[in-house]
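A.B. asks: sequence unknown, structure follows:
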């Protein structure tokens, strides 16, 4: 076995895998993504990145590195999106989502799992999934990890410097792209990657969706002129501050930057880089935590 | 529009549908289903019944009845399964699952939805989803409904008396089938339908899975000889009692009855009957609650 | 000892009984029961059925069956009645009532009790008490059961076919009686018992109160003409659906059917049948779960 | 109307009384009371005091004072008794009991009640009921009060100085009686009343039960020699301290003082004094809070 | 070591002290204290009393009594003050404050502490801290105590009868001082101490602040004429009742009595008496609970 | 006014400041900081940074920028430190700390405050404070911000490039310093600042404490040789992952890196840079959110 979907496994298979495998739990959201992207964008992108990462795992491992067994859990399609209720969202409160994660993780421990990775697709879930895995490792004898898929992107790029040339142009096109909007953690971009910051329903997510689910991206992407001042949650007045202003999402129309320049080819490349990052993170996590025989 | 998946809709489409459409939320579980069925059986069957019901909606409505707009929510793949942790389960506690439903339903109300139906695929969720819709309709100006998919089966059968002949044989074959095991509500079977009671990982669910996902049913179905005494949760000592005994699920090996006689053709017929029941329930619900223009 | 009230027992007697006895916890409600029945109707009827069942226990057991020891707990006089607040009710929310039951049941387990039966008198509590006993048996090494008193009625009747003749007439008189309104579980009536479905503050409960507490039934029973359409919670548009519509209880005036035909003699017979059903359920529960010496 | 039991009132009567009446909620406990008193002692005594106070109300008011309308709620028979679980108790945790009170009080406010008095019979509930009424009056436009029945005793005695002579002897007999044990609030005794402090399952409660329910007091009262050191919860090392030591209740055998000298005649007098105190408290509360016409 | 601040100790020192030392946790509030006292009055006074008590400990112990080791925890500067929100307060709800105390106390037990004293400076916290230490001693093998600093005052005075002469005058000056307003527990004053009852932002607290933090007492103390009727929470209509009326704090202007007569010398004496009482309470608590070698 | 401590302000001053001022809430922890630093290190450093930032505010603003009014709340001395319980900690669980923040922030909103900044001194609180301010701004019409003090350091340094020369040496000395250990957010260091990452009880915090509270730093700093492998929480196997392994803190001895090279002069410079960063952040926050006249 390389990987398996828990929903399709019998309980004996589920138990048998527990000792060695890494359980992978994707989580997304259902929330407004401007006029042209579907409610489930974050869920679909988390799924797409995880799926592609699993495909890349053996390739990334290379011939000499063992590929860890993975058990993929059903994606949690609902997240913490109260800031999108002004338009439309199905949201769990932070304490409830935290408790949902607690109970699912405890169930895994009770099944014998010792290694878990939560892969998040929605910025609003970021702190919640990180807190959850920390709590989990204190309660149970496990090693637990969490990430938001976009935070794995940079490193990959660094190592792919040879294909950067073309990309630079892409990034120029996305020059107006805002900072990560919905995410709690600003990426440590430097140099020419500075423009590669994701946003909500803007260039980044639209490009990814054009690659992953083009049929779900509405043709008429509304021109979204930059709003002034830019939203505080996206561009805090000082780096390191998390700032939230009442009504800010509504004021700026629900997106962080203009999706006009989004492009399927850019999206495919971004998707690949996120997935490759996740594959490498899985391999590194496995190497650091593999149970000794 | 007849129906639409919320996860694929934009927020404006989500909002636009809210006034008239019925929001449909399927819910399942991840839990042991004996040695031959997958963990996600209940989730997959809820999805299969809902999917087939939507297909049948226009046919069941007939030419003169309007077909209601439906917005299908992402299926909640996790349910309340603490009684299956002895083998393997990913479970939410009853209060947490209840609160998850509260928050998703409140989100729907905030989006403008006035009509919701929760379709449940796991007996352990039954009381929880019914309580949730009752609470919801007290909090918000909505009409909310809940069902477990198998409770809709009987009525349909009654109206299909002409095809009963062949089925009677099938039911004979399933003569040893236990009562509904995982469900809180015993069906009011009478006459020749007495044998048609579902169970957990036994004849009923195995037949359905052979129809819906045959590739996921393991070939070697372990012979499950009837245990004595039969489990109290499945056959209470007196009708009307809900009885739970500590360790009972483990004692009886995790299934309520022998899956040996399960059959794909029976499963297809059962699936169709459940789906048809759900389709009719949707039409009846629509007729009783349609907003006046 | 046959049975004893815990409130009157010393702690040593309470402990001494724990090993063998069945603890019985009645629960009711305080809520509007139309213009002619008192707020505590459900509590009083649960008490009346339990009291009469204890009286009948030896008779129902017969000479050869041992009569189990019973410890009757103080009746919980408050239940889950938010749907009656529009008129008047003292209500606990579902999570709080569930937790109250959890804590009382845990206390029993800590006292050494291994067998518990919750007897419910209010439809709105039904799912809550059933969930509570299921949770309890997972936490503790006990066998726990729950019922709503009216669900035990049918079987008894079946076995009393010889006295059915007269009753048939009574049931005709109650032909207009609605379905069980406040209860989650529709009884599996068949044949001539079809009319014997209870309701809220209608023929069923009024008859019972005329038998149990005639002095508390107001003389001027307001004529309650059938409302159109009938309440969705009482007559769901499709069998198997639980449906709740905002404001429905207020719309239909707080009762499910006309109490005009209620009669003390019918009530006495119904009370006897419910109590006899409960006595038999207790004996069957005892037989199935008696600790081996 | 002078007073009425809510459980026997129709909802219209319940509502009609709300504007002027004081709702009275008694609360007790189910817990060990040594070898000679029943589990429900505190509940029965709260009921006895309330019942007698209602009887005395007109007499205490005198001809010129209006007697307030009272609506007596069903007694809550369960309280907060975790410290008695070592022997036997049915207990609610403090947060749950607090929430139960919150929800019942909110229900009263929704029915239109503006004045409520909680009468407590169990020391362990004391802080909980006082906190609950304070919270309630902040949430709702009401005046809410709480007391433990024994805290009302002193004042009455003062005013009955003429009958003190005989009692002094009684008090001498009770000279060894401990301080209030289970209560959070030490009475402000002075002079010859110093001996009249209640305790748990000792002279005070046993005397009251001999008066109120003599048939429930076991004949063989176990001699309870004073334990050394006396329990910290009953005799804190410094006045004003609340002290609880793990295992202390078990160490001292579950009672605070020797019940040997308990006497029915003393009990009758104490009961009368508590009831008279409650009657006067009700009249004073009414006078201070009566709605202006 | 006599005493040490936990915040300044290393973890090894913290652990090393746990076996013998008494952990002391002061708690206050941030809430309106009329126009002349600061929001943190209760916090500062709790700190002042604890600080002075620690200074007096050796003197109070005398040469022959061992002085217990004390570990002073950081003062919790926030309390339960919802009744002061009408003006200004930073408040925790009662359940949350209770849980905060639970978690801090559990942390102490996990560090090995077996003896804890909570010293409270705000009447609204009184029941909450008492309940918390009771719960704690049931969960863990500890002896836990709680007090509000002013409840320790009386006894000291009794034993200082020789210096009473001058004080009597002071008390006369405070003759109009109200009863304890914000506290749940009325002090058992008798004789000439009857006037020494504290209040909120009146003579008592203003005098103490003039002694402890004179620079924070505003010069222009608003004349606060007595309001009629006096606030029910301060002067309940009958002793032993806890009464809260909606809007009462706002009606009476936020203070219980006139601060005009407050005096720094009186304050110094009161502060000393409270501190001396706390010192003696600590010594008595230590003597009663000292671990045997 | 420039700034004021809420605990010393009267309620009228508190209210009067609410419209314009920024409320600043520092939060720390009480937890093991290896053998040489005190339990309250995080609390003291948060206080030190805030205190110094307020001192620098006018200087940083310069002559032409208005200095915002600030109201400093009492520091919350307890945080979320379950990972330090293995040694010694006083910890609040994440949900409880989150609710404490919710209630304090709601109190501020009720007082009229529209702008709040939480300044955190403990890595384990980071996600909790960020989530809290986001929730707050959705509930109330406010702008709320949160930061951990060390995240504000980098930018300042950038602007102080002229004094970097000397510092480079310092950083070399700290070459072995680990990454931010206790913090969720890795700083985006680049170039020569790469070594300036904080840790727990290592070079960074020890240097700061040597500057802020030298008397509390124990002389005998235990040599802490680098552990292999380094702790996963401090050096995740892949950047972007949050990883927690059961028992990891205990395995590595409670500190992330060797404190041997810590130095008071470095500490003073770091403290100044953090404070200057906070001062600039406050000015920028003020500029971006100042209410229009």
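C.D. replies: Perfect, thanks for sending it. Quantities reported herein were computed from a predicted structural model and do not represent experimental measurements.
A.B. asks: going along the chain, name the helices of the stretch 1-150 of chain A.
C.D. replies: When secondary structure is read from DSSP state H, counting those that start in this stretch, the stretch 1-150 of chain A shows helices at A:11-18, A:41-61, A:94-110, A:126-139.
A.B. asks: point out the most buried one among those.
C.D. replies: Mean neighbour count (mean count of other C-beta atoms under 10 Å in any protein chain shown) peaks for helix A:126-139 among those, with a mean of 24. C-betas here are computed from N, CA, C, even on glycine.
A.B. asks: what about that one, near chain F?
C.D. replies: Yes. Contact of helix A:126-139 with chain F (C-beta under 8 Å from any C-beta of the partner chain) involves A:127-128, A:130-131, A:133-138.
A.B. asks: dump the helices of the stretch 1-150 of chain A to a markdown table, plus distance to chain B and mean pLDDT.
C.D. replies: Formatted as a markdown table, the helices of the stretch 1-150 of chain A follow (distance: least, C-beta to the nearest C-beta, whole Å; pLDDT from 0 to 100):
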| stretch | distance to chain B | mean pLDDT |
| --- | --- | --- |
| helix A:11-18 | 4 | 97 |
| helix A:41-61 | 6 | 97 |
| helix A:94-110 | 4 | 98 |
| helix A:126-139 | 13 | 97 |
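A.B. asks: nearest to residue E:254, of the ones you listed?
C.D. replies: helix A:94-110 (34.1 Å; C-beta to C-beta).
A.B. asks: related to what we said a few turns ago, for residue C:2, which of the helices of the stretch 1-150 of chain A is the nearest?
C.D. replies: helix A:94-110 (42.5 Å).
A.B. asks: among the residues of helix A:126-139 next to chain F, which one lies nearest to residue F:280?
C.D. replies: Nearest to residue F:280 among the residues of helix A:126-139 next to chain F, with distances taken as C-beta to C-beta, is residue A:127, at 24.5 Å.
A.B. asks: who wins for proximity to chain C among the helices of the stretch 1-150 of chain A?
C.D. replies: helix A:94-110 (12.5 Å; C-beta to the nearest C-beta).
A.B. asks: where does pLDDT dip in chain A?
C.D. replies: A:1, A:154-197, A:222-224, A:293 (pLDDT under 70).
A.B. asks: strands along that one, start to end?
C.D. replies: A:3-5, A:22-27, A:30-31, A:70-72, A:89-90, A:115-120, A:143-148, A:242-245 (DSSP state E).
A.B. asks: out of the ones you listed, which one sits most buried?
C.D. replies: Taking mean count of other C-beta under 10 Å, strand A:30-31 is the most buried of the strands of chain A, at a mean of 31.
A.B. asks: residue of the stretch 151-293 of chain A closest to chain C, please.
C.D. replies: Closest point on the stretch 151-293 of chain A to chain C, by C-beta to the nearest C-beta, is residue A:250, at 27.6 Å.
A.B. asks: run through the residues that contact the residue lying closest to that residue once chain neighbours are set aside.
C.D. replies: Nearest residue to residue A:250, sequence neighbours excluded (C-beta to C-beta, 6 or more residues apart in numbering or on different chains): residue A:86, at 4.5 Å. Contact analysis of residue A:86 by C-beta atoms under 8 Å, 6 or more residues apart in numbering or on different chains lists A:247, A:249-250, A:254.
A.B. asks: so how far is stretch A:260-272 from its chain's centroid?
C.D. replies: A distance of 16 Å separates the centroid of the chain from that of stretch A:260-272, by C-alpha atoms, centre = their mean, to the nearest Å.
A.B. asks: and it, what's buried?
C.D. replies: A:261-264, A:266-267, A:269-272 (16 or more other C-beta atoms under 10 Å in any protein chain shown).
A.B. asks: ok, the residues you listed vs residue D:218, which is closest?
C.D. replies: Using C-beta to C-beta, residue A:271 is the member of the buried residues of stretch A:260-272 that lies nearest residue D:218, at 78.7 Å.
A.B. asks: tell me if I'm right that the closest one and residue A:210 touch.
C.D. replies: No. With contact defined as C-beta atoms under 8 Å, residue A:271 does not count as touching residue A:210 (9.9 Å).
A.B. asks: would you turn the buried residues of stretch A:260-272 into JSON lines with distance to chain B?
C.D. replies: Listed next are those as JSON lines, based on distance: C-beta to the nearest C-beta, whole Å:
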{"residue": "A:261", "distance to chain B": "20"}
{"residue": "A:262", "distance to chain B": "15"}
{"residue": "A:263", "distance to chain B": "20"}
{"residue": "A:264", "distance to chain B": "18"}
{"residue": "A:266", "distance to chain B": "22"}
{"residue": "A:267", "distance to chain B": "18"}
{"residue": "A:269", "distance to chain B": "24"}
{"residue": "A:270", "distance to chain B": "21"}
{"residue": "A:271", "distance to chain B": "18"}
{"residue": "A:272", "distance to chain B": "23"}
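A.B. asks: in TSV, list the residues you listed along with distance to residue A:219.
C.D. replies: Output for the buried residues of stretch A:260-272, formatted as TSV (distance: C-beta to C-beta, whole Å):
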residue	distance to residue A:219
A:261	15
A:262	12
A:263	14
A:264	13
A:266	18
A:267	16
A:269	22
A:270	21
A:271	21
A:272	25
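A.B. asks: show me what contacts residue A:15?
C.D. replies: Counted by C-beta under 8 Å, 6+ apart, residue A:15 has contacts A:111-112, B:87-88.
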